[in-house]
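Q: predicted model, plus sequence, below.
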Amino acid sequence: MSVSGVRHASAPVRLTRRGRVVLLGLFFVLVAMANVVLFTLASQA
């Protein structure tokens, strides 16, 4: 599995930095939305 993963990952090496930025951005957005939802539920309760 690890060897095949490395072989498949060797192609999109150019997208590593951009992929990291996208993942961090999506994670930040998800955390922000979760905070908004929790805040709205807390305010309603």
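A: Sure, I can see it.

Q: residue 17: how many residues sit nearby?
A: For residue 17, the count of nearby residues is 9 (other Cβ atoms under 10 Å). The C-beta positions use only the backbone N, C-alpha and C, and glycine is treated the same way.

Q: cool, residue 32 as well?
A: 10.

Q: with the one 4 residues further on instead?
A: A count of nearby residues for residue 36, using other Cβ under 10 Å, gives 10.

Q: go on, the one 5 residues further on?
A: When counting by other Cβ under 10 Å, one arrives at 9 neighbours for residue 41.

Q: and it, what's its pLDDT?
A: Here the pLDDT value assigned to residue 41 is 95.

Q: which strand or helix spans it?
A: In this assignment (DSSP states H and E), residue 41 forms part of helix 16-44.

Q: now residue 30: how far from residue 43?
A: Counting by Cβ to Cβ, to the nearest Å, the gap from residue 30 to residue 43 is 20 Å.

Q: who's more crowded, those two?
A: When residue 30 and residue 43 are compared for neighbours, residue 30 comes out ahead with 10 against 7, by other Cβ under 10 Å.

Q: give me every residue that touches the more buried one.
A: Contact analysis of residue 30 by Cβ atoms under 8 Å, 6 or more residues apart in numbering lists nothing.

Q: quick one: it from residue 39, how far?
A: Relative to residue 39, residue 30 is positioned 15 Å away (Cβ to Cβ).

Q: again, but for residue 25
A: From residue 25 to residue 39 the distance is 21 Å (Cβ to Cβ).
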